[in-house]
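Chemist: Predicted model and sequence below, questions to follow.
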Amino acid sequence: MTKQHDIVPVHLVVQAMRDNGYKNAAYALAELIDNSIQAKATEVEVLCAEKEIQLQRRSSRIHQIAVLDNGSGMDSTVLRMALQFGNGTYLEEEKHTGMGRFGMGLPCSSISQCKRVDVWTWESGVENAIYTYLDLNEIKNKQLTEVPEPQKHPIPEIWEKVTTGFGETGTLVVWSDIDRCMWKTGKTIIENSEFVIGRMYRKFLDTQEVVIRMATFDINEPTKIMVEKFAQPNDPGYLMAKTSCPHPFDKTPMFHPWPEENSYETTFIIEFRSNNHEVKIRYSYAKEEARPGKNPGNLPHGKHAGRNMGVSVVRAGRELELDESWAQKRATERWWGVEIEFPPTLDDLFGVTNNKQSARNFSELANLDIESMLRDGKTIIELKEELIQEEDPRGPLIDIAYKLHKNIATMRNQINAQTPASRSGQKRHQGSSAEKVATDVTEERKKEGHQGQSDKDESLPLEARKEIIETTLIKTGVLESKAEELAAKTVSDGLKYTFTKADMETAAFFSVKTGGGAIMITLNANHPAYKNLVEVLEEEVEGVDTETLRSRLTNSLEGLKLLLAAWARYEDEQPDGPRRQRAQDARVDWGRVARQFLEGDE
């Protein structure tokens, strides 16, 4: 009996634990699937029973949800323990090797969606199943103060009619009196859950270690299956061949490994609690053929990728969450993928929550300004050692976060380098591209007697010119594949200018290099001017509303004004005399050339 001053009034605490933060039914169901896989199940079924009810009109609503597996089953002691809050068989540190750990999954996930959970389990034939339950109404009324002693009890016939079969061993969990599921029909539960469950268990589904069947039926006609699906792998890195991604990438990877097939995985060794642990990070980015036309995000596979933006945090082979805090609020973020995988022994370091939905400590690193912490020439290794000595919890993971920030930024630039024109496979109208206009104007200026340093290389053989341009671009920081493409296009199209972008460790907005008869202009993707001008205008529109487009143009205009204001201040800060006069002359001379180039565009 509960005493008046019990530290933990069970009937009140259990009610409060219903609000334990499960995002939706899919994440709650995942806790049960975790238990199934931990019990070495090869087949898991999510079964949704609907029942017709009278609202304003007769409608079918979810009545019960069951999860059935062919795992190892439980004996009476383990079954009773499994329904206790905070108890379980994987609590000791030496057992932190699989999905289970916290002892909260079955009861917490269940009461987050329903008021009653019934469990049958068997180790030697379903006819020998034992059974127990939890009922929130009985707990609230103090009728139930402990998990009832499991008893041998037959499974209701309805579940036998809708399953593909009971294994020699297994477990059946049934939710009833469902009052907190945001999805009201079996169809919507399956449609919304399959995407998330396919992503969470993609590694198990891809290797066929487990098959997950999802089915909806009418409780009065159980043999009539209304919806049936088998969960497909949903890989946010899009490197798996057979997934739920729509055609044409349902049977072939949509992304490339980054940067190369044999080195896309980076391994970090983390020392934690006197032991070394491996953390692996894998990178990928979209193939150019995945981004045809101006709005590839509107295509079915583009919309699929739009639901998979962020860093996939994987623990024990199962995804905890897709952490969106690492992604910018831009449509192009869908075209890169990152997966970080760590063992359960690092749960405390990463800040894994007991509902296994996030890694809080890791997520906080997404918005950390590491560059500002690397002051006075400090290296990332020195910063890591300093934070560890100060017992800063960010310390052991700071080098991982730094590498992630750098590589994600590089992938963004590579994706942005796939311009709409190159993605569409169509050249811009001749005479309208900036490169072509600038080339034509330069030819006119040469006839007027204006000679440039780059002009002397125009007489070199085409292959020699191409090699020089490619080498120069690579030295500037352009990726080899992009440098080769740009060099070939510049020479074959007879262009004088080529534009690209790269991460540059300089305060300049852009660099100008000459060679091979060409002038190479590389925009500094790390410069704020790039983010405030170029990136804003390059952003895919994807059917966005007029107000958003107007906002982008306004932001771009403000960026241009600030760029001009910066030049004005630069002139203003020059001392009176030759230096100030040179700055003013440079502005006038550049303006004169710019007028000729822009008039050529008209």
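Modeler: Cool, got the structure.
Chemist: element containing the spatially closest residue to Glu127 that is not a sequence neighbour?
Modeler: For Glu127, ignoring the flanking residues on the chain, the nearest one in space by C-beta to C-beta, 6 or more residues apart in numbering is Pro154 at 7.7 Å. C-beta: built from backbone N, CA, C; applies to glycine. Using DSSP states H and E, Pro154 sits in no helix or strand.
Chemist: For Pro154, what are phi and psi?
Modeler: Main-chain torsions, Pro154, degrees, to the nearest 10: phi -70, psi 150.
Chemist: Then Glu480?
Modeler: Backbone dihedrals for Glu480, given as degrees, to the nearest 10, come out at phi -60, psi -50.
Chemist: From what I see, it and Ile474 are in contact.
Modeler: Yes: at 5.9 Å, Glu480 and Ile474 qualify as touching, with contact defined as C-beta atoms under 8 Å.
Chemist: more neighbours, the two?
Modeler: Shown here are Glu480 and Ile474; by other C-beta atoms under 10 Å, Ile474 has more neighbours (16 against 11).
Chemist: Now do the same contact list for that one.
Modeler: Residues near Ile474 by C-beta atoms under 8 Å, 6 or more residues apart in numbering: 480, 483.
Chemist: Any chance you could list what contacts stretch 175-194?
Modeler: Taking C-beta under 8 Å, 6+ apart as the rule, stretch 175-194 contacts 18, 24-26, 29, 46, 48-50, 60-66, 110, 112-118, 137, 214-217, 226-227, 229, 231-232, 244.
Chemist: and the residues you listed, which of them are in helices?
Modeler: 25-26, 29, 110, 137 (DSSP state H).
Chemist: Contacts only, for the nearest residue to Gln151 once chain neighbours are set aside.
Modeler: Distance criterion C-beta to C-beta, 6+ apart; nearest residue to Gln151, sequence neighbours excluded, is Tyr131 at 6.0 Å. By C-beta under 8 Å, 6+ apart, the contact list for Tyr131 reads 118-121, 150-153.
Chemist: in this structure, what spans have low per-residue confidence?
Modeler: For the chain, applying pLDDT under 70 flags the ranges 1-17, 20-21, 54-56, 86-104, 260-262, 417-432, 536-545, 600-602.
Chemist: now with 50?
Modeler: Along the chain, segments meeting pLDDT under 50 span 1-2, 7, 89-92, 95-96, 102-103, 421-432.
Chemist: got the contact list for His301?
Modeler: 245-249, 254, 290.
Chemist: Restricted to buried residues, select those in ChimeraX.
Modeler: To isolate the buried members of the contacts of His301 in ChimeraX, using 16 or more other C-beta atoms under 10 Å:
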select :245,249,254,290
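Chemist: Same list (the contacts of His301) but as CSV, adding distance to Met411 and secondary structure.
Modeler: Shown next, in CSV, are these (distance: C-beta to C-beta, whole Å; DSSP: H, G, I helix; E, B strand; the rest coil):
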residue, distance to Met411, secondary structure
Cys245, 19, coil
Pro246, 23, coil
His247, 25, coil
Pro248, 23, coil
Phe249, 18, coil
Met254, 15, coil
Ala290, 14, helix
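Chemist: how about the contacts of His301 in CSV, adding distance to Glu443?
Modeler: Shown next, in CSV, are those (distance: C-beta to C-beta, whole Å):
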residue, distance to Glu443
Cys245, 48
Pro246, 48
His247, 47
Pro248, 43
Phe249, 44
Met254, 42
Ala290, 38
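Chemist: Now, the contacts of Tyr131 that are in strands?
Modeler: In strands, judged by DSSP state E, the following of the contacts of Tyr131 are found: 118-121, 151-152.
Chemist: Quick one: buried ones out of those residues?
Modeler: 118-121.
Chemist: Next, Asn355: secondary structure please.
Modeler: coil (DSSP: H, G, I helix; E, B strand; the rest coil).
Chemist: can you pull the buried residues of the helix or strand harbouring Leu553?
Modeler: Leu553 is part of helix 546-572, with elements assigned from DSSP H and E. Buried residues in helix 546-572, counted by 16+ other C-beta under 10 Å: 552, 555-556, 559.
Chemist: I'd like those laid out as TSV, including distance to Lys329.
Modeler: Shown next, in TSV, are the buried residues of helix 546-572 (distance: C-beta to C-beta, whole Å):
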residue	distance to Lys329
Arg552	12
Asn555	13
Ser556	17
Gly559	17
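Chemist: for those, which one is nearest Lys161?
Modeler: Arg552 (56.4 Å; C-beta to C-beta).
Chemist: and the gap between the closest one and Lys561?
Modeler: Distance from Arg552 to Lys561, counting by C-beta to C-beta, to the nearest Å: 15 Å.
Chemist: One more: Ile53?
Modeler: Distance, Ile53 to Lys561, using C-beta to C-beta: 61 Å.
Chemist: Kindly report the same for Val196.
Modeler: Distance of Val196 to Lys561, computed by C-beta to C-beta: 44 Å.
Chemist: Just the helices from the stretch 151-300 of the chain, written as ranges.
Modeler: 157-162, 186-200, 202-206, 300-306 (DSSP state H, counting those that start in this stretch).
Chemist: got those as a markdown table, with distance to Asn355 columns?
Modeler: Converted to a markdown table, these look like this (distance: least, C-beta to C-beta, whole Å):
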| stretch | distance to Asn355 |
| --- | --- |
| helix 157-162 | 27 |
| helix 186-200 | 13 |
| helix 202-206 | 20 |
| helix 300-306 | 26 |
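Chemist: Out of the ones you listed, which gets nearest to Lys406?
Modeler: Using C-beta to C-beta, these put helix 300-306 closest to Lys406, at 22.6 Å.
Chemist: Count the neighbours of Asn532 for me.
Modeler: 16.
Chemist: contacting residues for it?
Modeler: If you count contacts by C-beta under 8 Å, 6+ apart, Asn532 has them with 555-556, 558-559, 562.
Chemist: What of Leu563?
Modeler: 509, 529, 533.
Chemist: For the first one, the count of nearby residues, please.
Modeler: By that I understand Phe509. Counted with other C-beta under 10 Å, Phe509 comes out at 17.
Chemist: hmm, back to that, ok, which pair from the ones in helices among the contacts of stretch 175-194 is furthest apart?
Modeler: Ala26 and Asn137, at 25.8 Å, using C-beta to C-beta across the ones in helices among the contacts of stretch 175-194.
Chemist: Between these two, point out the one with more neighbours.
Modeler: Ranked by neighbour count (other C-beta under 10 Å), Ala26 and Asn137 place Ala26 first, with 22 against 11.
Chemist: residue contacts, the closest residue to Pro253 other than its chain neighbours?
Modeler: Counting by C-beta to C-beta, 6+ apart, Pro253 lies nearest to Leu239, which is 5.0 Å off, once chain neighbours are set aside. Leu239 is in contact with 253, 255, 257, 282, 284, 337, counting by C-beta under 8 Å, 6+ apart.
Chemist: how far is stretch 200-207 from where the chain is centred?
Modeler: Relative to the centre of its chain, stretch 200-207 is centred 16 Å away, using C-alpha atoms, centre = their mean, to the nearest Å.
Chemist: What lies in contact with that stretch?
Modeler: Contact partners of stretch 200-207, identified using C-beta under 8 Å, 6+ apart, comprise 30, 33, 37, 198, 210-212, 231-235, 240, 242-243, 314, 317-319.
Chemist: Pull out the buried positions in it.
Modeler: So, applying 16+ other C-beta under 10 Å, buried residues of stretch 200-207: 200-206.
Chemist: Tabulate the CA atom coordinates of that stretch in PDB.
Modeler: Output in PDB follows, covering the C-alpha atoms of stretch 200-207 (Å, rounded to 0.1, in the frame of the first residue of the first chain):
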ATOM      1  CA  MET A 200      16.200   3.600 -37.700                       C
ATOM      2  CA  TYR A 201      16.800  -0.100 -38.600                       C
ATOM      3  CA  ARG A 202      18.200   0.400 -42.100                       C
ATOM      4  CA  LYS A 203      21.400  -1.600 -41.400                       C
ATOM      5  CA  PHE A 204      19.400  -4.600 -40.100                       C
ATOM      6  CA  LEU A 205      16.900  -4.400 -43.000                       C
ATOM      7  CA  ASP A 206      19.700  -4.000 -45.600                       C
ATOM      8  CA  THR A 207      21.500  -7.100 -44.500                       C
END
